[in-house]
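> Structure here, sequence nowhere to be found:
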C-alpha cells in the first residue's frame, strides 16, 4: 500500500505545531482550566479572576505546578493533530478525487473536518480527560497518567465524549474558514501549478498567523458555552468535592452541566473566562497553524526524498 505523502506531511507538521503551541501556552492553559472547572456564584468562587490561580501558585511556591500534566498533554498534542490532520487531508483528497474537482467547497470542507474530528476524539479522549484532571488537581498533588486513568472504569476515561464530539465542530469551523481564506489568497499561485506532484503552496508566516487568529476567534465565540460544559463534565469527580454523588453524576451529562451552570452562575456563567479562552485559543491555534504551514512543504519534500531513496534502494530497507 502506498502512503499518501501529502496527508502524512500534513499530519506530521500539524503534530509538531500543536506540540510547540501546547508547551508555550501550558501555564495559561492550567490557569484557565482551574478557573473554568469552578462552577459557583461569583461571591463564592475561590478564583474570582483567572489571575488568582497564578497568584495562588506563586504564594504557595508552586509555580512549577502550573506545568502539572504537561507530559500527558504533550502526548495528546502529538497524537491528536497527527490523526486529525491526516484524516482531514485524506477526506479532502478523497472528495476531490471522487468528484473530479480541483477545489473543495465550504460545505464539503466542513463535513471532512467534522468526520476527522469524530475519528480523532474516539481515539484520544482518555488522554484529554486525564490531562484536564491533572491540570485541575490541587497544586503539587497531581497524579500520573496511569494512576489517573486507572482510578475509575473505562467509561470514566470517556467522560464528556458526546460533548467533545460536538466540540470538534470548533476545529471544523476553524479549519474550514482557514482553508477557504487560504485558498482565496493562494488562488493565483495554485492556478499556475502544472505539476500535480509539486510541493503544496504555503502562506507566509504572517498570513498564516493572521488567518489562524481570525478563524479561531470565530470558532471559539460560537462554541465556548459547549467548551465550558465539557470542562465541568470531565472534572466533576475530581474537582467538585462539595457536591453529593448524585449531583456529580447529574453534572456529567450535558443537560446536567447546562442546568448547574445556569443555576449557580446565570446566563453569563456560560461565558465565564471567554476573553482568556479567546487569547489562549487564538494565539495558540494561530501559532500551531503558522508552524504547520511553514514546515508542511519542507516535511513533504523530505518524505518525498525518503520515499524515492527507499524505492531505489529496497535492499537498504530489508537490511534494516
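Received the coordinates, thanks. Please read all numbers here as calculations on a predicted model, not as lab measurements.
> what packs against the host helix or strand of residue 223?
Assessed by DSSP states H and E, residue 223 sits inside helix 205-235. Under the contact criterion of 3 or more C-beta pairs under 8 Å, 6 or more residues apart in numbering; DSSP states H and E, helix 205-235 touches helix 5-37, helix 106-136, helix 161-191, helix 254-265, helix 274-312. For glycine as for every other residue, the C-beta is placed from the backbone atoms N, C-alpha and C.
> what about the fourth one, average pLDDT?
The pLDDT scores in helix 254-265 average 83.
> tell me which residues in it are buried?
Under the neighbour-count criterion of 16 or more other C-beta atoms under 10 Å, helix 254-265 has 256, 257, 258, 260, 261, 265 buried.
> Run the angle between it and helix 161-191 for me.
100 degrees (axes from the mean of the first three to the mean of the last three C-alpha atoms, to 10 degrees).
> and helix 254-265 with helix 205-235, angle?
Using the same axes, to 10 degrees: helix 254-265 against helix 205-235 is 90 degrees.
> before we move on, what about the first one?
Angular relation of helix 5-37 and helix 205-235 on a 0 to 180 degree scale: 50 degrees, by the same axes, to 10 degrees.
> Let me know the next secondary structure element after helix 5-37.
helix 50-59.
> Please name every helix or strand in contact with that next one.
Helix 50-59 is packed against helix 5-37, with contacts defined by 3+ C-beta pairs under 8 Å, 6+ apart.
> Which positions in the helix it packs on come out as buried?
Buried-residue list, helix 5-37, by 16+ other C-beta under 10 Å: 5-22, 25-37.
> picking that back up, could I get the average pLDDT for the helix holding residue 223?
For helix 205-235, the per-residue pLDDT averages 80.
> Assign a three-state SS to residue 142, would you?
Assigned with DSSP: H, G, I helix; E, B strand; the rest coil, residue 142 falls in the coil class.
> so who does the closest residue to it other than its chain neighbours touch?
Excluding the flanking residues, the one nearest residue 142 by C-beta to C-beta, 6 or more residues apart in numbering is residue 68, at 3.8 Å. Contact partners of residue 68, counting by C-beta atoms under 8 Å, 6 or more residues apart in numbering, are 30, 134, 135, 137, 139, 140, 142.
> which of the residues you listed are buried?
30, 134, 135, 137, 139, 142.
> shaky segments in the stretch 51-200 of the chain?
Scanning the stretch 51-200 of the chain with the threshold set as pLDDT under 70 gives 102, 149, 151-154, 188-200.
> 80 instead?
Residue ranges of the stretch 51-200 of the chain with pLDDT under 80: 81, 99-107, 109-110, 140-157, 159-160, 162-163, 166-176, 179, 186-200.
> ok, now how distant is the nearest residue to residue 292 once chain neighbours are set aside from residue 146?
Nearest non-adjacent residue to residue 292, counting by C-beta to C-beta, 6+ apart: residue 17, 3.9 Å away. Shown here: residue 17 relative to residue 146, a distance of 28 Å by C-beta to C-beta, to the nearest Å.
> Residue 119 too?
Note on residue 119: its distance to residue 146, by C-beta to C-beta, is 25 Å.
> With neighbour numbers in mind, choose between these two.
The neighbour comparison of residue 119 against residue 146 (other C-beta atoms under 10 Å) goes to residue 119, with 18 against 10.
> and that one, what does it touch?
83, 84, 87 are the contacts of residue 119 under C-beta under 8 Å, 6+ apart.
> show me the contacts for the residue nearest to residue 24 when sequence neighbours are not counted.
Once flanking residues are discounted, residue 24 sits nearest to residue 287: 7.0 Å by C-beta to C-beta, 6+ apart. By C-beta under 8 Å, 6+ apart, the contact list for residue 287 reads 17, 20, 21, 24, 209, 212.
> follow-up on the earlier one: for the residue nearest to residue 292, give its distance to residue 68.
Relative to residue 68, and taking C-beta to C-beta, residue 17 is found at 23 Å.
> could you list every residue that touches the residue lying closest to residue 123 once chain neighbours are set aside?
The shortest distance from residue 123 to any non-neighbouring residue, by C-beta to C-beta, 6+ apart, is to residue 83 (6.0 Å). Residues in contact with residue 83 (C-beta under 8 Å, 6+ apart) are 11, 116, 119, 120, 123, 124.
> try residue 116
Applying C-beta under 8 Å, 6+ apart, we find residue 116 in contact with 83, 84, 85, 87, 88, 91, 172.
> Take the helices and strands packed on helix 205-235 and write them to TSV, including distance to residue 48.
Formatted as TSV, the helices and strands packed on helix 205-235 follow (distance: least, C-beta to C-beta, whole Å):
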stretch	distance to residue 48
helix 5-37	9
helix 106-136	17
helix 161-191	26
helix 254-265	12
helix 274-312	13
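> What distance do you get for the nearest residue to residue 40 once chain neighbours are set aside to residue 110?
Nearest residue to residue 40, sequence neighbours excluded (C-beta to C-beta, 6+ apart): residue 264, at 5.7 Å. Distance of residue 264 to residue 110, given as C-beta to C-beta: 34 Å.
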